[in-house]
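**Student:** Just need the structure, nothing else, for what follows:
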Amino acid sequence: MKIHNKRKYLSFLKFKRDFQKYGLEKVRSYELVLHWLSNRLSRNQFLILSGILVGCTAGLAGVILKTLVHTIHYFIVNKVHFEYQILFYIVFPFLGIVLTTSIVLTLFKGQDRKGIGAILYEIAQNSSIVSSVKMYSQIVQSAITVGLGGSAGLESPIAVTGAAIGSNYAQTYRLGYKERTLLLAAGATAGIASAFNAPIAGVMFAFEILLTGVVFSDFIPLVVAAVCGSLLSRILLQEDILFRFHARESFNYHNVPYYLILGIVTGLYARYFVIISQKVEHFIKELKVSRIRKAMIGGAALSLLCVLFPPLFGEGYETVKDFTNGNTHFIIENSLFRYFEIGNWTVIIFLVLICLLKAFATSITIFSGGNGGNFAPSLFAGGTVGFLFAMICQQIGFEDVPVTNLVLVGMAGAMSGVLYAPLTAIFLIAESSFGYDLFIPLMIVSVMSYLMAKWFSPISPELKNMADEGKIFTHEHDKNLMSSLRTKELIDRDSQTISQDAPINDLYELIKNGKKNIFAITDDEKMLKGILTLDDIRPLLFNRDKDASFTIQQLMKAPPAVIHPEDEPLKIIQIFDETGVWNLPVVDAQNRFIGFISKSTVLMSYRELLKEYSD
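**Tutor:** Down below sits the predicted model:
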């Protein structure tokens, strides 16, 4: 507690110094008030106030992005006749990806880490410190990409923007890691809540995805931030921009078989979606061309898909609303399928192709240089799968098929399987459709899809590589703490060394004047040749005359293992356990000796982290 108060006091002194140095005209008055409040309010009170401020700011950022994209999209889709819209579908998706890539390369120096994985990386590897650039870069990039037709969602960029706002707010007021992480999550929560006008879903998103592996007892700031973000969205956004579905049927337990089958279907589709995404990502990364050329190739492919299948243009929420409102003819009226006789089976074939190609369109948009996420694509695809399933059931001859409900729960099922977030999906659809009586079918479909996804891969394939490398937290709290350690900080660089050609008396002097019980034997170029411990030398210390003929090369032994600076702490602990020793040498790629790592040092560092996380 004393340390915390000292930090706040030092932070206030720094602010006071800046105030005196630069004068009143260059000082933001609200910061003066907040610094004063941070020293007067208790920790919990200041965190609640911070949750309100971060929530309002992140919510406003979400409102701005949604409005900007909707304005661009509305002009392209509704203000031009069909003959000219083909040209828009050809030009704008291509232009969106190429422009986004150009902006990233020129304005943001090629730094385009994006998506939920970027937030998880900052929490685990960068002490929840997010670059201030991300407070606006994600808005600019995603507005251009999605506004001009990129087949991706705005929710991930909004979440990253909110996380950056929360992190930088915490940095400004010198808050600790736990508070910084909490406000980072609060910003992302407010962003999601504003995007969907769903505060509970925003909170579930934070706990289910962002705070995985992080132990927290504070959740009020998250709730407050979610409420603020949702309220701003509700007040400022027009009804047609909001993620709202008013048409639905009441739940009937006789329809449970439909939901059971749909749960399996959406689970299989979610697996298809993530596999296609991985393959497209790998293909684009393997292209031996510049990033601009990758953007041009991806933009051309996306434009072709949008010309053939206009529902792939943009987020796709309007298409899903058409499903729930029964406006089936709107789905294909701008496509080339309008020239065919439009019957039920024509619509079914069209929807099957949309479901299959949506995975390609989204992954091409994101990995070729655009900016967006999988929230909207998974919801769009799930709604399409649900509507397609309902139509097939009707064509087979089933009566009283709950079409609208199948669309809604299909959205939850696909999102649950793609993002590994069943609770977020359940509450998101329940809040967005006012369908709290649909909790049972929502839970059936979401949980089935999630369990199928977990059966195929225990960790989301999007995050699996980062999790395997220890770059993000998982549900294994012990592993999370260990991955937070830095190998380079654990090395004892003051270790004692001696040349392999040195006389034995030099070794005795080293023991006499040193404080170590292990020594590295090197050559003239500092290459590691072996090690010696005090236990190895102890018999010689009491009989020097008899054993004076011994040389260091005769006494030294090969280390049971060596460590490299890039090795992860978890791997180092495993090596210690396998070898049964307490000290191991660290060498570089050329086998030059760097220092020793002690098992005691690793365990003490781990204990300090555990204490910090538990406070």
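**Student:** Help me confirm that Ile364 comes into contact with Gly298.
**Tutor:** Yes: with contact defined as CB atoms under 8 Å, Ile364 counts as touching Gly298 (4.8 Å). All C-beta spots, glycine's among them, are computed from the backbone N, C-alpha and C.
**Student:** Next, show the common contact partners of the two.
**Tutor:** Ile284 (CB atoms under 8 Å, 6 or more residues apart in numbering).
**Student:** ranges for the strands of the stretch 351-500 of the chain?
**Tutor:** 497-499 (DSSP state E, counting those that start in this stretch).
**Student:** Got the phi and psi for the closest residue to Glu525 other than its chain neighbours?
**Tutor:** Closest residue to Glu525 apart from its sequence neighbours, by CB to CB, 6 or more residues apart in numbering: Arg592 at 7.3 Å. Dihedral pair for Arg592: phi -80, psi 140, per degrees, to the nearest 10.
**Student:** Pull out the buried residues from the host helix or strand of Ile103.
**Tutor:** Counting by DSSP states H and E, the element that carries Ile103 is helix 82-106. Within helix 82-106, the residues that count as buried by 16 or more other CB atoms under 10 Å are 85, 88-90, 92-101, 103-105.
**Student:** number of nearby residues for the residue nearest to Ile472 when sequence neighbours are not counted?
**Tutor:** In this structure, Ile472 finds its nearest non-sequential neighbour in Leu120, 4.1 Å apart by CB to CB, 6+ apart. By other CB atoms under 10 Å, the residues close to Leu120 number 23.
**Student:** Please look at Leu120 and Phe473 and confirm they touch.
**Tutor:** Yes: using CB under 8 Å, Leu120 is in contact with Phe473, at 6.8 Å.
**Student:** For the residue nearest to Arg113 when sequence neighbours are not counted, give its distance to Asp322.
**Tutor:** Once flanking residues are discounted, Arg113 sits nearest to Tyr121: 7.4 Å by CB to CB, 6+ apart. For Tyr121, the distance to Asp322 (CB to CB, to the nearest Å) stands at 38 Å.
**Student:** Okay, now the unreliable bits of the stretch 351-500 of the chain?
**Tutor:** 474-478, 480-481 (pLDDT under 70).
**Student:** repeat that with 90
**Tutor:** With pLDDT under 90 as the threshold, the stretch 351-500 of the chain has low-confidence stretches at 373-375, 396-401, 403-404, 430-438, 457-500.
**Student:** show me what contacts the residue nearest to Arg113?
**Tutor:** Neighbouring residues of Tyr121 by CB under 8 Å, 6+ apart: 113, 466, 471-472.
**Student:** Buried ones among those residues?
**Tutor:** When the contacts of Tyr121 are checked against 16+ other CB under 10 Å, the ones flagged as buried are 466, 471-472.
**Student:** ok, then the element right after the helix or strand encompassing Ile594?
**Tutor:** Per DSSP H and E, Ile594 falls inside strand 593-598. Moving toward the C-terminus from strand 593-598, the next helix or strand (DSSP H and E) is helix 599-614.
**Student:** for the host helix or strand of Ile572, packing partners?
**Tutor:** Using DSSP H and E, Ile572 sits in helix 569-579. Judged by 3 or more CB pairs under 8 Å, 6 or more residues apart in numbering; DSSP states H and E, the packing partners of helix 569-579 are helix 477-484, helix 487-490, strand 583-587, helix 599-614.
**Student:** Looking at those, which one is packed in the most?
**Tutor:** When the helices and strands packed on helix 569-579 are scored by mean count of other CB atoms under 10 Å, the highest mean neighbour count falls to strand 583-587 (a mean of 21).
**Student:** Alpha carbons only: can I get that one in CSV?
**Tutor:** In CSV, the C-alpha atoms belonging to strand 583-587 read as follows (Å, rounded to 0.1, in the frame of the first residue of the first chain):
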residue,chain,number,x,y,z
ASN,A,583,22.9,-24.2,-12.5
LEU,A,584,23.2,-24.3,-16.2
PRO,A,585,25.4,-22.3,-18.6
VAL,A,586,23.9,-19.9,-21.2
VAL,A,587,25.6,-19.7,-24.6
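**Student:** Give me the residues contacting that strand.
**Tutor:** So strand 583-587 is in contact with 491, 518, 520, 528, 531, 533, 559-565, 572, 575-576, 593-599, going by CB under 8 Å, 6+ apart.
**Student:** Could you pick out the buried ones from those?
**Tutor:** 491, 518, 520, 528, 531, 559, 562-563, 565, 572, 575-576, 593-599.
**Student:** Just name the shakiest helix or strand of the chain by mean pLDDT.
**Tutor:** Ranked by mean pLDDT, DSSP states H and E, the weakest helix or strand in the chain is helix 2-22, scoring a mean of 55.
**Student:** helices and strands around the helix ranked longest in the chain, which ones?
**Tutor:** Ranked by number of residues, the top helix in the chain under DSSP state H is helix 43-78. With contacts taken as 3+ CB pairs under 8 Å, 6+ apart, helix 43-78 sits against helix 29-40, helix 82-106, helix 134-147, helix 155-172, helix 177-196, helix 220-236.
**Student:** Downstream of the last one, the next helix or strand is which one?
**Tutor:** Going down the chain from helix 220-236, the next helix or strand is helix 256-286, by DSSP H and E.
**Student:** Kindly report the same for the fifth one.
**Tutor:** On the C-terminal side of helix 177-196, the closest following helix or strand by DSSP H and E is helix 199-205.
**Student:** hmm, back to that, for the strand holding Ile594, name the packing helices and strands.
**Tutor:** With contacts taken as 3+ CB pairs under 8 Å, 6+ apart, strand 593-598 sits against strand 518-522, strand 583-587.
**Student:** My guess is Phe380 contacts Phe313. True?
**Tutor:** No: in this structure Phe380 lies outside contact range of Phe313 using CB under 8 Å: 11.0 Å.
**Student:** Show me what counts as buried in stretch 381-389.
**Tutor:** Per 16+ other CB under 10 Å, stretch 381-389 contains these buried residues: 381-389.
**Student:** Of the residues you listed, which belong to helices?
**Tutor:** 381-389.
**Student:** Kindly reformat these as TSV containing distance to Lys109.
**Tutor:** Formatted as TSV, those follow (distance: CB to CB, whole Å):
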residue	distance to Lys109
Ala381	34
Gly382	37
Gly383	38
Thr384	38
Val385	40
Gly386	43
Phe387	44
Leu388	44
Phe389	46
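**Student:** before we move on, the earlier item: quick one: the helix or strand following the helix holding Ile103 to helix 134-147, angle?
**Tutor:** Sequence-wise, the next helix or strand downstream of helix 82-106 (DSSP H and E) is helix 116-125. On the basis of axes from the mean of the first three to the mean of the last three CA atoms, to 10 degrees, helix 116-125 is oriented at 160 degrees to helix 134-147.
**Student:** Any idea how far stretch 289-308 is from the middle of the chain?
**Tutor:** 25 Å (CA atoms, centre = their mean, to the nearest Å).
**Student:** which outside residues touch it?
**Tutor:** Identification of contacts with stretch 289-308 by CB under 8 Å, 6+ apart yields 86, 89-98, 100-102, 105, 110, 149-151, 284, 287, 312-313, 335-336, 357, 360-361, 364-365, 367-370.
**Student:** How about exporting that stretch as CSV, limited to the C-alpha atoms?
**Tutor:** Output of stretch 289-308 as CSV, limited to C-alpha atoms (Å, rounded to 0.1, in the frame of the first residue of the first chain):
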residue,chain,number,x,y,z
VAL,A,289,5.9,-10.4,-53.7
SER,A,290,5.8,-7.1,-51.9
ARG,A,291,3.0,-6.2,-49.5
ILE,A,292,1.5,-3.8,-52.1
ARG,A,293,1.3,-6.5,-54.7
LYS,A,294,-0.2,-8.9,-52.2
ALA,A,295,-2.9,-6.2,-51.5
MET,A,296,-3.5,-5.8,-55.2
ILE,A,297,-3.9,-9.6,-55.7
GLY,A,298,-6.2,-9.9,-52.7
GLY,A,299,-8.2,-6.8,-53.7
ALA,A,300,-8.7,-8.2,-57.2
ALA,A,301,-9.9,-11.5,-55.8
LEU,A,302,-12.2,-9.9,-53.3
SER,A,303,-13.7,-7.6,-56.0
LEU,A,304,-14.4,-10.6,-58.2
LEU,A,305,-16.2,-12.3,-55.3
CYS,A,306,-18.3,-9.2,-54.6
VAL,A,307,-19.3,-8.8,-58.2
LEU,A,308,-20.5,-12.4,-58.4
